[in-house]
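Chemist: Make a model of this:
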Amino acid sequence: MKQSMLFLSGLLISLQIACAVNAQGADSSKVVKVEIAKAPSTTAEEKFVVITLSVEPGYHLYANPVVNPDLASVQTSVGIKSEGKSIPAKVEYPAGKLVKDDVVGDYSTYEGTVKIKLRVAVPRNQTGPLEVVVKYQACSKKSCLAPAVATLQLP
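Modeler: You can find the predicted model right below:
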């Protein structure tokens, strides 16, 4: 049992590398549009925003949580940075679509338009802009593009 799990983990890593190579230098930003909008309840002390990821038809992103621990490194994630340092934030990810896979195990995905809600308390001594960092990887049924990172200013 343990050997088969190690084999499957190795196979999964090999597939991810092969998918990235097959993408021929294209990254996931080619098929995913990332936008950020301030929610009406935003105040000077607390920011509420909605991050919208628009995924081109035929592609999916790995959801958060992705359900499969072997895919945790490529699940969609959102973080906040202030002057290069991470700061705490409450992120509400939507439920993903469960995909049954006998080879790598079940996992959860996002398709189409994805809305992620974010709430962050603005540090009292904040002088510079806050940055929202969105990490994601887009895949089709045939291959995966290289992971992408979108850095946006908090409105």
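Chemist: C-alpha only now, for contacts and for neighbours.
Modeler: Fine.
Chemist: The protein: strands as residue ranges?
Modeler: Counting by DSSP state E, the chain has these strands, from start to end: 32-38, 46-55, 60-62, 77-82, 85-87, 90-92, 97-99, 107-110, 113-121, 130-136, 138-139, 148-153.
Chemist: can you list contacts of the shortest one?
Modeler: I take that to be strand 138-139. 28, 31-32, 59-62, 144-147 (Cα atoms under 8 Å, 6 or more residues apart in numbering).
Chemist: Least confident of these?
Modeler: The member of these with the lowest pLDDT is Cys144, at 93.
Chemist: State the distance from that residue to Ser28.
Modeler: The gap separating Cys144 from Ser28 is 8 Å, by Cα to Cα, to the nearest Å.
Chemist: Overlap in contacts, those two.
Modeler: Common neighbours of Cys144 and Ser28 (Cα under 8 Å, 6+ apart) are 137-138.
Chemist: Mean pLDDT lowest where, among the strands of the chain?
Modeler: Of all the strands of the chain, the minimum mean pLDDT falls on strand 85-87 (a mean of 89).
Chemist: Quick one: list the elements packing against that strand.
Modeler: strand 77-82 (3 or more Cα pairs under 8 Å, 6 or more residues apart in numbering; DSSP states H and E).
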